[in-house]
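A.B. asks: Provided below are the primary sequence and the corresponding predicted coordinates.
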Amino acid sequence: MAMPDIANSAQAQTEGTLDRVGMSNIELPLMVQTDNYPAQQVSAKVELFVNLGDPQAKGIHMSRLYLQLDQLSTESELTLQTLTTLLNGFIESHIDLSTEAFVKVEFDYNLRRKSLISEKRGWKAYPVVIIGRLIDGKFDFELQVDVPYSSTCPCSAALARQLIQEAFSKQYEQQENVAKEDIITWLGSTQGIVATPHSQRSVAQVKAKLSDSADNFPIIALIDLIEATLKTPVQAAVKREDEQEFARLNGQNLMFCEDAARQLQYALNQQTQFSDFWLRVNHYESLHAHDAVSVTTKGIKDGYKA
Ligand SMILES: Nc1nc2c(ncn2[C@@H]2O[C@H](COP(=O)(O)OP(=O)(O)OP(=O)(O)O)[C@@H](O)[C@H]2O)c(=O)[nH]1
């Protein structure tokens with residue numbers, strides 16, 4: 001006996017078009033291939049949608065979306081090309097119903113990261129979101145990464161320096177001439193650094209729209225760009241020489257959240273592979289219980305809004 005096929009045969013009780021219909025929280029493994037690197041398996045969470053453009057149709061065909069994604073998972077790799085094919089497939093499998101397709105893939109991308117000095121290596125997991133849209137025949141792709149880093153407060157550093165100056169004056173106030181060796185010894189004592197500036201775990205969230213000329217999702221290139229710009233990414237494997245270098249980098253790259261946002265804005269503006277960007281830097285303050293945040297965009301017409 002033929003099975004009832006409600007999506008095909010029934011009519012909508014209440015008519016209306018819908019912007020997005022589909023599935024959310026689909027968990028599955030995917031091989032992600034990007035940046036000319038070998039494909040890496042990730043554990044992904046996926047959302048798949050099409051619009052429902054026929055006001056009378058009962059519903060979309062969920063299984064058709066799901067099975068195309070499943071095929072990508074088992075037989076292929078996630079690339080710009082296969083995501084393009086997937087979006088096309090969603091529309092082709094919903095002729096007369098849909099003109100828009102949407103895919104969002106979230107996963108952690110693992111990278112081996114080199115230590116600052118010691119040549120050790122360790123894993124870092126970067127949260128990544130890839131979004132693809134196909135709207136009336138036009139594709140639109142977006143890459144989002146979260147990059148953790150350390151930010152040291154410039155104001156706090158200046159205040160700490162003042163305390164160190166005062167401690168130095170006090171230490172040697174009775175002495176007309178101070179021997180260099182004495183100063184070096186004093187600087188190496190706890191009293192030599194009587195105050196330390198506060199620094200905090202911070203996260204830069206960057207969304208970038210791929211230019212039409214892009215041929216892949218440059219996940220690693222975008223992470224490298226953000227880390228090279230901020231200069232104080234959090235570290236994986238750390239020996240003492242790495243920790244000392246990290247302290248130096250923090251001291252030489254003092255930043256408010258405004259500084260971090262402006263540096264990233266400048267760096268992203270140089271990138272022709274991205275036609276637009278949005279970024280938010282979050283400094284999870286150690287001075288305050290609240291956070292310091294900056295948000296900005298490329299600022300193009302009809303582009304991202306803060
Ligand atoms: N459209 C829709 N389907 C749902 C929903 N919740 C569960 N489903 C089920 O998703 C299943 C798959 O739907 P279809 O893709 O139309 O399945 P099918 O008719 O076997 O596949 P085709 O022959 O390709 O149309 C059906 O059993 C639906 O009942 C929902 O909210 N909307």
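C.D. replies: Perfect, I can see it now. Numbers count the residues shown, from 1 in each chain.
A.B. asks: show me what the helix or strand where Thr85 lies is packed up against.
C.D. replies: In this structure, Thr85 sits in helix 80-92 according to DSSP states H and E. Judged by 3 or more CB pairs under 8 Å, 6 or more residues apart in numbering; DSSP states H and E, helix 80-92 is in contact with strand 40-52, helix 62-75, strand 100-114, strand 121-135, strand 138-152. For glycine as for every other residue, the C-beta is placed from the backbone atoms N, C-alpha and C.
A.B. asks: so which bits of the protein are right by the ligand?
C.D. replies: Residues of the chain found near the ligand (CB under 6 Å from any ligand atom) are 5, 7, 59-64.
A.B. asks: mind putting these into CSV with pLDDT and neighbour count?
C.D. replies: Compiled in CSV, the residues of the chain next to the ligand are given as follows (pLDDT from 0 to 100; neighbours: other CB atoms under 10 Å):
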residue, pLDDT, neighbour count
Asp5, 82, 10
Ala7, 76, 15
Gly59, 95, 14
Ile60, 96, 26
His61, 96, 17
Met62, 97, 14
Ser63, 97, 12
Arg64, 98, 16
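A.B. asks: for my notes, please list the helices and strands packed on helix 80-92 in a markdown table and give distance to Leu187 for each entry.
C.D. replies: Below are the helices and strands packed on helix 80-92 laid out as a markdown table (distance: least, CB to CB, whole Å):
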| stretch | distance to Leu187 |
| --- | --- |
| strand 40-52 | 47 |
| helix 62-75 | 59 |
| strand 100-114 | 31 |
| strand 121-135 | 32 |
| strand 138-152 | 19 |
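A.B. asks: Ile193 contacts Leu163, correct?
C.D. replies: No - using CB atoms under 8 Å, Ile193 is not in contact with Leu163, being 9.3 Å away.
A.B. asks: tell me the angle of the helix holding Thr85 relative to strand 100-114?
C.D. replies: 160 degrees (axes from the mean of the first three to the mean of the last three CA atoms, to 10 degrees).
A.B. asks: now do the buried residues in helix 80-92.
C.D. replies: Buried residues in helix 80-92, counted by 16 or more other CB atoms under 10 Å: 80, 82-83, 85-87, 89-91.
A.B. asks: equivalent analysis for stretch 73-81, please.
C.D. replies: 73, 76-80.
A.B. asks: for stretch 43-52, same thing?
C.D. replies: Of the residues in stretch 43-52, 44, 46-52 count as buried by neighbour count, 16+ other CB under 10 Å.
A.B. asks: repeat that for stretch 253-273.
C.D. replies: Buried positions in stretch 253-273, judged by neighbour count with 16+ other CB under 10 Å: 253-257, 259-261, 263-265, 267-268, 271, 273.
A.B. asks: and the contacts of that stretch?
C.D. replies: Residues outside stretch 253-273 that contact it (CB atoms under 8 Å, 6 or more residues apart in numbering) are 149, 151-155, 157, 197, 202, 204, 206, 208, 210-211, 213-214, 218, 221, 225-226, 229-232, 274, 277, 279, 281-283, 292-296, 298.
A.B. asks: as JSON lines, the residues of the chain next to the ligand with distance to Gly188 would be great.
C.D. replies: Output for those, formatted as JSON lines (distance: CB to CB, whole Å):
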{"residue": "Asp5", "distance to Gly188": "80"}
{"residue": "Ala7", "distance to Gly188": "75"}
{"residue": "Gly59", "distance to Gly188": "73"}
{"residue": "Ile60", "distance to Gly188": "70"}
{"residue": "His61", "distance to Gly188": "72"}
{"residue": "Met62", "distance to Gly188": "68"}
{"residue": "Ser63", "distance to Gly188": "70"}
{"residue": "Arg64", "distance to Gly188": "70"}
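A.B. asks: which helix is the longest one in the protein?
C.D. replies: Secondary structure of the chain read by DSSP state H shows that its longest helix is helix 154-171.
A.B. asks: what's that helix in contact with?
C.D. replies: With CB under 8 Å, 6+ apart as the criterion, helix 154-171 contacts 186, 191-198, 251, 254-256, 259, 287.
A.B. asks: show me what counts as buried in that helix.
C.D. replies: Neighbour counts using 16+ other CB under 10 Å place 156-157, 160, 164, 167-168, 171 of helix 154-171 among the buried residues.
A.B. asks: what's around the nearest residue to Val105 once chain neighbours are set aside, how many residues?
C.D. replies: Counting by CB to CB, 6 or more residues apart in numbering, Ile130 is the residue found nearest to Val105 once chain neighbours are left out, at 4.6 Å. By the criterion of other CB atoms under 10 Å, Ile130 has 26 neighbours.
A.B. asks: so what's Ile130 up against?
C.D. replies: Ile130 touches 78, 83, 103-105, 141-144, 217, counting by CB under 8 Å, 6+ apart.
A.B. asks: can you rerun that using 7 Å?
C.D. replies: 105, 143, 217 (CB atoms under 7 Å, 6 or more residues apart in numbering).
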